[in-house]
Every structure is written in C-alpha cells, then in structure tokens.
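K.L.:
could you look at this predicted model? Sequence included:
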Amino acid sequence: MTVEAAMRLAVEESQRAKGATYPNPPVGAVVLDRDGRLAGTGRTEPVGGAHAEVVALRQAGPRAAGGTVVVTLEPCNHHGRTPPCADALMEAGIAAVVYAVSDPNPIAADGAKHLAAAGVDVTGGVLAEAVAAGPLREWLHRQRTGRPHVTWKFAASIDGRSAAADGTSRWITGEEARADVHRRRAAADAIVAGTGTVFADDPALTARRPDGTLAEHQPLRVVVGRREVSSDARVLNDDSRTMLIRTRDPAEVLQALADRTDVLLEGGPTLAGAFLRAGLVDRILAYLAPALLGGPIVAVDDVGVPTIGRALRWRYDEVQTIGSDLLASLVPADPPANG
C-alpha cells in the first residue's frame, strides 16, 4: 500500500471518529508493516480512551516493528489523560512516521521533533489540505481562533425559499439529503436553533439513522431566544441534552458554547442573519432542491448588506449532488475580521 493510499484510509478512520472524541480531535491512523502491507488501523477513542496511533498499534501487534505509521495529525508529545503517542510509537519499534497536519496545540506539539531525535524517519504535510478541510476542519479552527467552528446549514428551493407561502416546508429536499443532514448532526458537538423555529416547527433536533432510530451520538441541543419554551416541546425530550440560552447575541451564544468545537446552526432566517451579520459563520452548507416556491419565506433575513458592493462574498469549496438535490459547501472568500 502506498503512503498516499494509507493516508486516505486514515482520513476515513478519522471521519468515523467525528462526534465521538470531543474535546479531542478526531484522528485516524494506519500501520504498514516493514513490507508496506496493511497491519492495523485506528481512530481516536472517546475522551479518556486511546489515541488513534495506539489503537492502530494494538491491532498491528508485532507487525508494527520496523513499519510505518500514517496519521492525520502529528503524534502528540504530551502526557494528559493518556501517555504521549510519540513514546508509544518508539516503544513499538516504528521506523517511519508520516503525518498530514502539524499539531497547533503548543502543549501537545513537537511529537515529530521528538521522534526524529530518536532516529525515526518523519515526514509531514502528506495530503495536508485534504485533511485540514476534512475531518480536522473544525478542531483546527478552534485551535486557531479560540472559538467553536460554526456551520450554517439550510435547505431551500432553488429560488432560495425555505418554505411555501403557507409556511409548509416538509419536505423541500429528498430523503438522501435529509439522511446526510442527520449524519452531520451525529458528528457535531451542538445544534443551535432559535425559539422561532421551535415554536413554528417543534423540531426534535436529534440525529437519526435511516431507519428512524436515534444515532449513537447525540449533539447538545441549544435553543436561543428570550421566549419561554413549552415544557412539552420535542426539543426538551429525553433523546438528548438541551441548553436554553436567553439571548439573541451570537457572540454570547458562542461564549456559552466556548468549550465546544463543532457547532451546527440550524435556526431560521432571523438567527442565521444575526450570525452572518456578526461574522460568526465559518461554513455554509446549502441543500438546494430543484423546485420553485416563490413567496415571502426566505432562507435568511437581513445580513447587513445595503448595496451590492457590500455583499458578503463566499467561495465554493465543494459542490455535489445528493439524490435529486444539490449540496453546496461554501467558506468566506476573505477571513472575517473577528475570526
């Protein structure tokens, strides 16, 4: 197996870890034996458990000696809840380590230097862009900015309407798109919605499998607004934990969620507009259905743009079809001033 192929497999492992490793990063690792054959794979376990490299080493057993470890994040050089991964790699007799992204956390960094000083052949930067824009996107953002990464998700008709004129919105998009949303919910730390959405739609804000059962991981449900939420609202059921934040200020919302990494904004047009005006949306996931609705109910309200020259400019970083719908992922064309 080539190093690049092993890194892609490590990325797949890290993707499977998303949502289960908070507050640790979702890392994937692969062990190749001395002949370049796959010997083990691993991903970060829930907090307190083993890191990806250690899981992969356990699977590889004695075949790890003289082999290569391929990992999405630089091995840690810090003794926290678990011993340093750099030490575990040396104890296993690993000859080479290949990683994608350097660890930006000064407490855990310098694993590469530690390994190299011990005679391990270390290579960094392999498929770094794919990893940084993939499973580690949100964690790296938090390390860089000190605040959660916010993704605004919305579903709309191709003319930008989130509901028909009478307020009906189920279902604008198809089953495949809705299943993708639930998969992303299961990988998030928190889902944020406003009281307006709670009153209008009574959403459960849970992550569900295609068969309708609850996913293993449920993100924290966050309801933003000053109105009182009825005790029988679905968002207050026992399917997951719920936080009520009595404010309309996006900065105060993120302050309340300061210990989170991956926040999914699913509120209505008012809440979305407030976060956009504040420059606190880091990614947009737009699920667009091939339908025309017209009418007054749009996906987002005022975003503070008085003229075309002041438009909030974004760029596409991925576009794909999901069933009959289109999913566009966008990031700011220019980093926000406060990001």
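P.N.:
Thanks, I have it. Numbering: from 1, shown residues only.
K.L.:
remind me, longest helix of this protein?
P.N.:
helix 3-17 (DSSP state H).
K.L.:
after that helix comes which helix or strand?
P.N.:
Per DSSP states H and E, helix 3-17 leads on to strand 28-32 as the next helix or strand towards the C-terminus.
K.L.:
ok, and what's touching that next one?
P.N.:
Identification of contacts with strand 28-32 by C-beta atoms under 8 Å, 6 or more residues apart in numbering yields 1, 6-7, 9-17, 38-44, 52-53, 55-57, 59-60, 63-64, 67-72, 94, 135. Backbone N, C-alpha and C define where each C-beta goes, glycine included.
K.L.:
just the helices in the stretch 151-300 of the chain please.
P.N.:
Secondary structure of the stretch 151-300 of the chain (DSSP state H, counting those that start in this stretch): helices located at 175-186, 195-201, 250-256, 269-277.
K.L.:
compare those and say which comes out lowest on pLDDT.
P.N.:
Mean pLDDT across these is lowest at helix 195-201; the value there is a mean of 89.
K.L.:
Thr123: what's it in contact with?
P.N.:
3, 96-99.
K.L.:
on that earlier part again, the longest helix of the chain - what's its average pLDDT?
P.N.:
95.
K.L.:
now it: buried residues?
P.N.:
For helix 3-17, a neighbour-count test (16 or more other C-beta atoms under 10 Å) marks 3, 6-11, 13-17 as buried.
K.L.:
ok so, going back, nearest to Val300, of the helices of the stretch 151-300 of the chain?
P.N.:
helix 269-277 (4.6 Å; C-beta to C-beta).
K.L.:
residues in contact with the closest one?
P.N.:
In contact with helix 269-277 (C-beta under 8 Å, 6+ apart) are residues 150, 152, 154, 162, 192-194, 196-197, 224, 248-250, 265, 281, 297-304, 312.
K.L.:
cutoff 10 Å now
P.N.:
Contacts to helix 269-277, defined as C-beta atoms under 10 Å, 6 or more residues apart in numbering, come from residues 150, 152-154, 162-163, 192-197, 224-225, 248-251, 253-254, 263, 265-267, 280-282, 284, 297-305, 312, 336.
K.L.:
give the buried subset of the residues you listed as a ChimeraX selection command.
P.N.:
Of these, the buried ones go into a single ChimeraX selection, burial set by 16+ other C-beta under 10 Å:
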select :150,152,153,154,162,163,192,193,194,195,196,197,224,225,250,253,254,263,265,266,267,280,281,282,284,297,298,299,300,303
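K.L.:
where does pLDDT dip in the stretch 201-339 of the chain?
P.N.:
Scanning the stretch 201-339 of the chain for pLDDT under 70 picks out the ranges 335-339.
K.L.:
what about the strands in it?
P.N.:
220-224, 242-245, 262-265, 283-289, 314-322, 325-332 (DSSP state E, counting those that start in this stretch).
K.L.:
still on that earlier bit, closest one to Leu288 among the helices of the stretch 151-300 of the chain?
P.N.:
Short answer: helix 175-186, nearest of the helices of the stretch 151-300 of the chain by C-beta to C-beta, at 9.1 Å.
K.L.:
what residues sit buried inside stretch 154-165?
P.N.:
154-157, 161-163.
K.L.:
quick one: list the elements packing against the longest helix of the chain.
P.N.:
The contact analysis (3 or more C-beta pairs under 10 Å, 6 or more residues apart in numbering; DSSP states H and E) places helix 3-17 against strand 28-32, strand 38-43, helix 52-60, strand 68-73, strand 96-101, helix 128-132.
K.L.:
is it possible to get TSV of the ones you listed that adds mean neighbour count and distance to Arg142?
P.N.:
Listed next are the helices and strands packed on helix 3-17 as TSV, based on neighbours: other C-beta atoms under 10 Å; distance: least, C-beta to C-beta, whole Å:
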stretch	mean neighbour count	distance to Arg142
strand 28-32	30	19
strand 38-43	22	19
helix 52-60	24	19
strand 68-73	30	14
strand 96-101	24	14
helix 128-132	17	13
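K.L.:
next, format those as JSON lines and append mean pLDDT and distance to Ala117.
P.N.:
Below are those laid out as JSON lines (pLDDT from 0 to 100; distance: least, C-beta to C-beta, whole Å):
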{"stretch": "strand 28-32", "mean pLDDT": "97", "distance to Ala117": "21"}
{"stretch": "strand 38-43", "mean pLDDT": "97", "distance to Ala117": "24"}
{"stretch": "helix 52-60", "mean pLDDT": "96", "distance to Ala117": "18"}
{"stretch": "strand 68-73", "mean pLDDT": "97", "distance to Ala117": "17"}
{"stretch": "strand 96-101", "mean pLDDT": "97", "distance to Ala117": "13"}
{"stretch": "helix 128-132", "mean pLDDT": "93", "distance to Ala117": "22"}
